[in-house]
Every structure is written in structure tokens, then in C-alpha cells.
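> Show me how the following folds:
(one chain, ligands or ions: 2)
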Amino acid sequence: MNLRTAPRDGKSRSLNLSSQPHVIQRVFNNHEVLTKGWYPVCTSRELKAGECRSYTIFKQRIVVFRTQSGNLHALDAFCPHLGADLGNGRVIGEKIQCYFHQWSYSGEGHLVEIACRKKQSAAEAGETPLGQGLDQVKTRSYPVTEAYGHLWVFSASEANHKLPKPVTFEHYQHHELDALYIKEANLFAHHHIMMANGVDLQHFASVHNLDIAFDYQIKTDTPGIFDWTLRGEIPTDNLKGRLARWLVGNEFEYHVRFAGGSMTFITYGSDQRFMGFKLPSLQILWGGLPQESGVSKARIFLITPKRKGLLGKLQTQLIYFSAFALLAMLRDEDVNAFPHMRFNTHRLIKEDASLGRLIQLTNQLELSDWGTVP
Ligand code: FES
Ligand SMILES: [Fe+2]
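Ligands and ions are numbered 1, 2, ... in the order given. You can find the predicted model right below:
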């Protein structure tokens, strides 16, 4: 199967339903629910000061706007008056105004002005500007933040975790990061399955021909965030292994950080040396975007510390090139496993323990109410 012919439409979800039914988990690979997490909507450049735009994340329509002074806000997109999409409106100062009848809302979602009442109240002194009951009108607002050259919206009124950094940069609070956005990719399955691939230890030998016996440790100190550290000896019994040892040393270490069931960071080679020199690690980020079909999309980024000067910029480009090549190689090898898959969580064996732990932890994540009918 090649990438062009690999199905990404989710149709296999309706196959073999009586003989091989879906194993439904509370959260993991469950395309009926959405976790509380950060979801990417657009690049920073796509929303300038004074602009607004609406996006659909899972089953929720959200308007994101940047005020004239540069503050970012995200609200439910349908106007509380008659329901027009606020993304068709305009930003005036620090407010967003609906196109249809020009009701205006603050960044927190409060109704602050009704255009026709404003004119009347100027004429009828003593009237409240909005009128009886309308002072209470409010639409829901959501946390929105800017990171990796992108805007990210949280799928609940309050974020239960900050948008994270790759685990290796966590202690460098002031370390500025550069990011290269690659593209929005159609995955071959739900993004939880693609995320789990990073800690599916059996498949490194079977799919990627990397027979490394990884030891792993899992940290779950921050709610909603799970960190895997994996380390193993590179084998010497094949050419790929011997070449890898020469390039990066005898052992290989990598980290996987899962955040809110939506973001996955992988840091490849966090402790590698070539001829005594420490090699830079390669960081890849996937921002999952679940779809109703059960097959998710993901926005893919490469991340590296910000470097100054011509030499620094050259180094950054070299790191991006290496990360991109690695990404392409792994994807080409994984592509034969995922399309047409009925992911089964009922027959995990002891060699699948790392994968099983991720499924268990993901099932404990908090759920967003986006897309659910109360
Ligand atoms: S629908 Fe928005 S102001 Fe009327
Ligand atoms: Fe893989």
C-alpha cells in the first residue's frame, strides 16, 4: 500500500460489525467524545489584530478574534441574538460585533452594546443602554493562546493544564522556541491510535526494523499530562544498528509527552553524542483534530530552541531537515499498519504493557462538553 492509495476516510469503521465489533473505551479511540485539551485552529499570521474568524473543532463552532490592541479571545460562534456566525462580523476596538444586527460582545462573551438601542438611548435619556434583562446576556468564552506560531483553543471554559512545552525544555521557562508548521495531515485512524504508536514498543522491531529493548518510565505529575522516557541499547547485529551506534552512540533515548489527549510531543535523541559532541534532539509535535468520521486530522510541527546569527539559523534549518526526514521515514513505514484497522484493546499481552498504560491513562482524562447533547 502506498500513501496515495491508503484510505483515510473512516469507512472501515462500518465493516465486520457483527463478527469483529468495535471495542469502545471511555475515551481512548472513542470518536464520540472530545477530551479537555488544546486544539490548533490557525497560524498566528492568519489572524491579525482587528480580525475575527470561525472554526469548527470536533462538533463545536468557535469564533476567535484578535482585538485592535492584540488580545486574543475565543467565544461560541453563534450570536446569542438570532444565531448568526460571529466570524462574519467585525472587530471594533476590544469587542466583536455581529454582522446581522450589530450586537457587540466583549472578549469574555458579555453583550456590551446593541447598535439600534445605542441610537435610541442617546435620544431617550435615563434608559439603560441595553434594556431590561439584556445586561445578563453572555455567550461562553474559552481560553485561547499562541504557541509554536499557531493559535490554540482549549475545549472548556477553564484550562486544566497550560499548553505545554516538549519535556526536555520544561525547565527552561525563558527558553524561546522556534517552530516550523509542516501541514494539517489526514491521519489513517483516530489520533489516539497514532499517538499510541510512539510508545508501542513491539512495533519498533516489526515495522521499523529497530530491535531495541526499551526500558521506560512514566510520569503523571501534572494533571492531563503523561510523560514517557524510553531508553534502550542499539543492537549490533545489523547494518542499520551499527550505523546508528556510530552516529548517535550505543544507547538511544527518547521522550513522549501526551497532553490532554490532543497534543503529542516526541523528543528523539535527548542524550546522544557523535564523536564526543552532544547532538541536538529532534522535536516533533502533533496537534490532534478529531473528526466525526473517526479518522482524525493532525497539525504537525517541528520545534527547536531559538538560535541567533547566521550560523544559528543554519543549524536550525539542518535540525528541521533531519526531523522532517525522520518523520517521513517513520510515516512511510507505519502506513501499512493503520489504514483499514479495527483497533482492539482486548488482547494486549505483557509486551504491550506500555501501550496498555497509555490507554488506561487516556481513559481517565476529563471530557469536554463540546459535541455532547445535554
Ligand atoms: S444575530 Fe447577531 S445581532 Fe442579530
Ligand atoms: Fe511507528
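> residues near residue 182, how many?
Using other C-beta atoms under 10 Å, residue 182 has 16 other residues around it. (Each C-beta comes from the backbone N, C-alpha and C, glycine too.)
> What residues does the stretch 201-350 of the chain have near ligand 1?
Among all residues of the stretch 201-350 of the chain, none is adjacent to ligand 1 (criterion: C-beta under 6 Å from any ligand atom).
> Get me the contact residues on the stretch 201-350 of the chain for ligand 2.
On the criterion C-beta under 5 Å from the ion, ligand 2 has as its neighbours in the stretch 201-350 of the chain the residues residue 334.
> Nearest to ligand 1: which residue in the stretch 201-350 of the chain?
In the stretch 201-350 of the chain, no residue comes nearer to ligand 1 than residue 292, which is 26.2 Å away by C-beta to the nearest ligand atom.
> distance of that residue from residue 373?
Between residue 292 and residue 373 the distance, using C-beta to C-beta, to the nearest Å, works out to 14 Å.
> higher neighbour count, the two?
Just comparing residue 292 and residue 373: by other C-beta under 10 Å the higher neighbour count belongs to residue 292, 11 against 5.
> how far is the helix ranked longest in the chain from where the chain is centred?
When secondary structure is assigned using DSSP state H, the longest helix within the chain turns out to be helix 309-334. The chain centre lies 20 Å from the centre of helix 309-334; the measure is C-alpha atoms, centre = their mean, to the nearest Å.
> Find the residue at the geometric middle of the chain.
The centre of the chain sits closest to residue 287, judged by C-alpha atoms, centre = their mean, with a distance of 2.1 Å.
> That one against residue 303, yeah?
No. In this structure residue 287 lies outside contact range of residue 303 using C-beta atoms under 8 Å: 11.7 Å.
> Now residue 55. Nearest residue, chain neighbours left out?
Excluding its sequence neighbours, the residue lying closest to residue 55 (C-beta to C-beta, 6 or more residues apart in numbering) is residue 41, at 4.5 Å.
> check contacts around the one you found.
With contacts defined as C-beta atoms under 8 Å, 6 or more residues apart in numbering, residue 41 is in contact with 55, 57, 62, 64, 150-153.
> which ones among these are found in strands?
Residues of the contacts of residue 41 located in strands (DSSP state E): 55, 57, 62, 64, 150-153.
> Confirm residue 197 sits in a helix?
Yes. Applying DSSP: H, G, I helix; E, B strand; the rest coil, one finds residue 197 inside a helix.
> That one - nearest residue in space that isn't next to it in sequence?
Leaving aside its sequence neighbours, residue 197 sits nearest to residue 334 (C-beta to C-beta, 6+ apart; 6.4 Å).
> how near is the one you found to residue 9?
On the measure of C-beta to C-beta, residue 334 and residue 9 end up 18 Å apart.
> Do you know the pLDDT at the residue nearest to residue 55?
Turning to residue 41, the model gives it a pLDDT of 98.
> Is it in a helix, a strand, or coil?
Counting by three-state DSSP, the backbone at residue 41 sits in strand.
> Is it possible to get JSON lines of the contacts of residue 41 that adds pLDDT and distance to residue 340?
Formatted as JSON lines, the entries for the contacts of residue 41 read as follows, by pLDDT from 0 to 100; distance: C-beta to C-beta, whole Å:
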{"residue": "55", "pLDDT": "98", "distance to residue 340": "30"}
{"residue": "57", "pLDDT": "96", "distance to residue 340": "27"}
{"residue": "62", "pLDDT": "98", "distance to residue 340": "33"}
{"residue": "64", "pLDDT": "98", "distance to residue 340": "36"}
{"residue": "150", "pLDDT": "98", "distance to residue 340": "31"}
{"residue": "151", "pLDDT": "98", "distance to residue 340": "34"}
{"residue": "152", "pLDDT": "98", "distance to residue 340": "32"}
{"residue": "153", "pLDDT": "98", "distance to residue 340": "32"}
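> among those, which two are most distant?
Pairwise distances among those were taken by C-beta to C-beta; the largest, 14.6 Å, belongs to 62 and 150.
> just the helices in this structure please.
Under DSSP H, the chain gives helices at 115-123, 191-196, 202-206, 239-248, 309-334, 353-363.
> by contact count, what packs against the fourth one?
With contacts defined as 3 or more C-beta pairs under 8 Å, 6 or more residues apart in numbering; DSSP states H and E, the packing partners of helix 239-248 are strand 273-274.
> List the contacts of the strand it packs on.
Outside of strand 273-274, the residues that reach it under the criterion C-beta under 8 Å, 6+ apart are 247-249, 279.
> Buried only: go through these for me.
Among these, those scoring as buried are 248-249, 279 (criterion: 16 or more other C-beta atoms under 10 Å).
> of those residues, closest to ligand 2?
Distances from the buried ones among the contacts of strand 273-274 to ligand 2 were compared by C-beta to the ion; the smallest belongs to residue 248, at 18.1 Å.
> So residue 298 versus residue 287, what's the distance?
Counting by C-beta to C-beta, the gap from residue 298 to residue 287 is 6 Å.
> which residues touch the closest residue to residue 6 other than its chain neighbours?
Spatial nearest neighbour of residue 6, excluding adjacent residues (C-beta to C-beta, 6+ apart): residue 339 at 4.3 Å. Under the criterion of C-beta under 8 Å, 6+ apart, the neighbours of residue 339 are 1, 6-8, 12, 188-189.
> Most tightly packed of the helices of the chain?
Per-residue neighbour counts averaged over each of these give the maximum for helix 191-196, namely a mean of 23 (mean count of other C-beta atoms under 10 Å).
> Tell me if it is near ligand 2.
No. Looking at helix 191-196 against ligand 2 by C-beta under 5 Å from the ion, there are no contacts, and the closest approach is 9.0 Å.
> And that helix, what does it pack against?
Under the contact criterion of 3+ C-beta pairs under 8 Å, 6+ apart, the helices and strands touching helix 191-196 comprise strand 263-268, strand 282-289, strand 297-305, helix 353-363.
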